[in-house]
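Chemist: model this:
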Amino acid sequence: MVREEAATGKGAGAIAPRRSMLEKQMILTRGFENIRESGQISGFQLKIRIPYYRGVWLAIIADLTVTVDGTVFDHGRIRVRYKDKSYTMDALARAETVHWDYGDPLDLLVAKSGGLAPGLHDVEVRLELKPAFTDVVGTARRKITLVS
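Modeler: Below is the predicted model of the structure:
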């Protein structure tokens with residue numbers, strides 16, 4: 001934990017959780033759009049960056065949750081696309097030879113009939129990585145605009 005006083009307005013000695021310097025950059029504003037398949041909107045997509053100091057193998061992604069305007073979409077409704085190849089969460093566990101390079105965006109494709117309405121949305125992403133030595137959980141929240 002880190003002490004935040006004047007900056008938070010919570011008073012002397014208020015405790016706030018320590019945040020990673022990469023969390024602000026985890027959710028990208030570009031690429032947030034509805035997914036159209038066969039003329040129908042089947043969901044929405046967004047892009048994220050890894051909340052870690054280096055790249056990782058896709059197989060160590062243990063869990064992924066997207067929350068939009070309070071609605072939670074668990075890993076059963078999320079597919080991951082990286083370098084033009086799409087994976088279910090179950091398939092990620094077998095993607096041992098695919099390396100997510102630091103700085104590269106990862107597309108999250110979320111199934112939601114009708115997609116999202118255009119406009120400003122409160123988006124949160126929780127990504128859990130399980131490298132051999134410790135668990136890494138990145139959580140980021142950001143308001144971003146869906147244009148179409």
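
Chemist: excluding its backbone neighbours, what's nearest K130?
Modeler: A62 (4.3 Å; C-beta to C-beta, 6 or more residues apart in numbering). Bear in mind the C-beta positions are built from the backbone N, C-alpha and C, glycine included.

Chemist: and V98, by the same measure?
Modeler: L58 (4.5 Å).

Chemist: wouldn't that neighbour be in contact with M89 here?
Modeler: No: with contact taken as C-beta atoms under 8 Å, L58 and M89 are classed as non-touching, separated by 10.5 Å.

Chemist: who's more crowded, those two?
Modeler: L58 (20 against 17; other C-beta atoms under 10 Å).

Chemist: so what's that one up against?
Modeler: Going by C-beta atoms under 8 Å, 6 or more residues apart in numbering, L58 touches 80, 82, 87, 92, 95, 98-100.

Chemist: ok, of the residues you listed, which come out buried?
Modeler: Applying 16 or more other C-beta atoms under 10 Å to the contacts of L58, the neighbour count classes 80, 82, 87, 92, 95, 100 as buried.

Chemist: can you put those residues in JSON lines and add pLDDT and secondary structure?
Modeler: Rendered in JSON lines, the data for the buried ones among the contacts of L58 read as follows (pLDDT from 0 to 100; DSSP: H, G, I helix; E, B strand; the rest coil):
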{"residue": "V80", "pLDDT": "96", "secondary structure": "strand"}
{"residue": "Y82", "pLDDT": "96", "secondary structure": "strand"}
{"residue": "Y87", "pLDDT": "97", "secondary structure": "strand"}
{"residue": "L92", "pLDDT": "92", "secondary structure": "helix"}
{"residue": "A95", "pLDDT": "93", "secondary structure": "coil"}
{"residue": "W100", "pLDDT": "95", "secondary structure": "strand"}
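
Chemist: out of these, which is nearest to S148?
Modeler: Of all those, V80 has the smallest distance to S148: 22.0 Å, by C-beta to C-beta.
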